[in-house]
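Undergrad: Need a 3D model of the following:
(2 chains)
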Amino acid sequence: AQSVTQLGSHVSVSEGALVLLRCNYSSSVPPYLFWYVQYPNQGLQLLLKYTSAATLVKGINGFEAEFKKSETSFHLTKPSAHMSDAAEYFCAVTYGNQFYFGTGTSLTVIP
Amino acid sequence: KAGVTQTPRYLIKTRGQQVTLSCSPISGHRSVSWYQQTPGQGLQFLFEYFSETQRNKGNFPGRFSGRQFSNSRSEMNVSTLELGDSALYLCASSLLGFTNTGELFFGEGSRLTVL
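TA: A predicted model of the protein is given here:
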């Protein structure tokens, strides 16, 4: 079965530090990959998506992710964390007509 | 343009009751999908409707059902509620569904508490 694995259910970083949220997928073919963010008491909002046009994908709010086929990874990064980045982040993948989400990573930003 | 609207935002039910949740997608979007979000299981796909037809279904019991109307608004129903059904139910709309774009637009969810 296809799946998405997010390593680390909780990540804490200091304000201004690098943010790295990990996502690995299992797939025999290149999938479409996404990162979504969920702020408290809100729905999910698309951060960025990979659709095979470029391996480095830039999203909103300074986030970016790099697709590495050899590592089956799609890690999310941001050079400098801001307090407003505190939220839950979900990696997701589509295979055919199914949408699979990772279990989420809660990001805490320490002032 | 208006986003995805879910009603009600919060509701409390007791075991054995049933509940109906509503979702109005973004204007022009024909696909509506539903998800259950719980702390233990994360986001789990319930089903997707496209042009009034259920096109995809997740691994949930028959107590969970849905439908889509001609104006693309969708409802989901849970019958014979169990404590484990307590969750945030999210609805998402997209223009074409789970195709190449794959971009989903989510509502704020309906938080169901079963006592």
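Undergrad: What distance do you get for residue B:11 to residue B:79?
TA: 15 Å (C-beta to C-beta, to the nearest Å). For every residue, glycine as well, the C-beta is placed using N, CA and C.
Undergrad: Give me the neighbour count for residue A:40.
TA: The tally of other residues near residue A:40 (other C-beta atoms under 10 Å in any protein chain shown) stands at 7.
Undergrad: Number of residues surrounding the residue in chain A positioned nearest to chain B?
TA: With C-beta to the nearest C-beta as the measure, residue A:43 is the residue of chain A nearest to chain B, at 3.3 Å. Residue A:43 has 22 neighbours, counted by other C-beta under 10 Å.
Undergrad: Now for residue 45: which residues touch it?
TA: Unless you meant another one, I'm taking chain A. For residue A:45, the contact set (C-beta atoms under 8 Å, 6 or more residues apart in numbering or on different chains) comprises A:36, A:37, A:38, A:39, B:106.
Undergrad: Correction: the question concerned chain B.
TA: A:98, A:99, A:100, A:101, B:33, B:34, B:35, B:56, B:58.
Undergrad: Then residue B:112?
TA: B:11, B:12, B:13, B:19, B:21, B:78, B:85, B:86, B:87, B:88, B:89.
Undergrad: if we go to 6 Å?
TA: For residue B:112, the contact set (C-beta atoms under 6 Å, 6 or more residues apart in numbering or on different chains) comprises residue B:11.
Undergrad: Bridged to it, which residues?
TA: Bridge pairing for residue B:112 (DSSP bridges) gives the partners residue B:11, residue B:87.
Undergrad: Tell me the residues of chain B that contact chain A?
TA: For chain B, the contact set with chain A under C-beta under 6 Å from any C-beta of the partner chain comprises B:42, B:43, B:45, B:56, B:90, B:98, B:102, B:103, B:106, B:107, B:108, B:109.
Undergrad: Cool, thanks, talk later.
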